[in-house]
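Novice: Next comes the sequence, and after it the predicted model I'd like to discuss.
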Amino acid sequence: MAKDREESPSLTDTYIQSDQPEGVPPLELTGERTLPDVPEENYWYRRHLVVYEWIAARTADLEVVDLACGEGYGSAVLARDAADVIGVDANPDAFAHASAKYSAGNLSFRRELVESFDEPRDAIVFLQTIEHIREPGPLLEGFARIAAVSYISTPNLLTLAPPGAAKSDNPWHIKEYRLEEFRALLEPHFSRVEILGLSHARKLRRHELALSLGWDRVHERLGLGKPFYDRFTPSISTADFRLSSNDLESALDFIAVCHV
């Protein structure tokens, strides 16, 4: 379960969003960003959504920018309670999709590089993207200049990549971080950095236990893997994850709250 092998669709397969509203172009799953409305991707979508919801509860009535917003679902979650949200993404397909799908008086989208955004905001949200950035230092310096608080998340190298590997096989990732590497990256740019870890809860925790007892070998022998995961993966919800400051080394993702 450490690599979430059973929940993650292969990057060699083709998955496209289903049941999109009229006039909204569906996006194809490439591994660069997660998508709602792809049943096989539900594990990763819920894993990211739970963090957006946690942040949304802390950014009510604030002016927020969601950098590298991708499909736009996270920006829409933030906009439920924020005073104003700007979703920023450089990808033309993601921008067109988000602009067509999500509309609210306090929500807008811009097609722009995250490095070029320089508008003062109360809060920056930058989730699961810093591992894509070749030179994160100047970007973080910019965050500290334009916002009082930045929420930054990244996957934990130790639970994403094979043991001993420098990174996972995700072709979009340039650098994946251990806990202390992530902390060392952030602390020079902010006065205070708090880091939480995301881990499995409820049925995902039970699934972890089953795998440790050999469930994967049993279902492979009996041919039960695909039928089981075709039902199990779409059933995963945000309640099957938890955020905590405990046992950070074994967290799936790190979520940093960075104060100026």
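Specialist: Yep, it's here. Just so it is clear, the structure is predicted and the values come from calculations on it, not from any experiment.

Novice: remind me, longest helix of the protein?
Specialist: Longest helix in the chain, counting residues (DSSP state H): helix 42-56.

Novice: elements contacting the next helix or strand after that one?
Specialist: As assigned by DSSP states H and E, the chain's next helix or strand after helix 42-56 is strand 63-67. Of the remaining helices and strands, those touching strand 63-67 by 3 or more C-beta pairs under 8 Å, 6 or more residues apart in numbering; DSSP states H and E are helix 73-79, strand 84-89, strand 121-127. C-beta coordinates here come from the backbone N, C-alpha and C atoms, glycine included.

Novice: So which residues of the stretch 151-260 of the chain form helices?
Specialist: Ranges of helices in the stretch 151-260 of the chain, per DSSP state H, counting those that start in this stretch, are 157-160, 179-186, 202-212, 215-222, 225-235.

Novice: now for the ones you listed, which one comes closest to T30?
Specialist: For those, the distance to T30 is smallest for helix 157-160, at 17.5 Å, taking C-beta to C-beta.

Novice: So for the longest helix of the chain, what gets flagged as buried?
Specialist: Using 16 or more other C-beta atoms under 10 Å as the test for burial, helix 42-56 gives 42-52, 54-56.

Novice: Was I right to think L127 contacts Y52?
Specialist: Yes: contact status for L127 versus Y52: in contact at 7.1 Å, counting by C-beta atoms under 8 Å.

Novice: shared neighbours, the two?
Specialist: Contact with both L127 and Y52 is made by residues G74, according to C-beta atoms under 8 Å, 6 or more residues apart in numbering.

Novice: what's the angle from the longest helix of the chain to strand 121-127?
Specialist: Angle of helix 42-56 versus strand 121-127, following axes from the mean of the first three to the mean of the last three C-alpha atoms, to 10 degrees, is 160 degrees.

Novice: Using CSV, write out the CA atom coordinates for helix 42-56.
Specialist: What follows is helix 42-56 as a C-alpha-only set of coordinates in CSV (Å, rounded to 0.1, in the frame of the first residue of the first chain):
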residue,chain,number,x,y,z
ASN,A,42,-10.7,8.4,-7.3
TYR,A,43,-8.1,7.4,-4.7
TRP,A,44,-5.8,10.3,-5.8
TYR,A,45,-8.6,12.7,-6.2
ARG,A,46,-9.9,12.2,-2.7
ARG,A,47,-6.3,12.3,-1.3
HIS,A,48,-5.9,15.8,-2.8
LEU,A,49,-9.5,16.9,-2.1
VAL,A,50,-9.2,16.3,1.7
VAL,A,51,-6.3,18.8,1.8
TYR,A,52,-8.2,21.4,-0.1
GLU,A,53,-11.2,21.0,2.2
TRP,A,54,-8.9,21.4,5.3
ILE,A,55,-7.4,24.6,3.8
ALA,A,56,-10.8,25.9,2.8
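
Novice: Now do P21: how many residues are near it, please.
Specialist: 8 (other C-beta atoms under 10 Å).

Novice: and the gap between G137 and G225?
Specialist: Separation of G137 from G225 (C-beta to C-beta, to the nearest Å) stands at 43 Å.

Novice: shouldn't Y177 be in contact with Q128?
Specialist: No: contact criterion C-beta under 8 Å: Y177 and Q128 do not qualify, at 11.8 Å.
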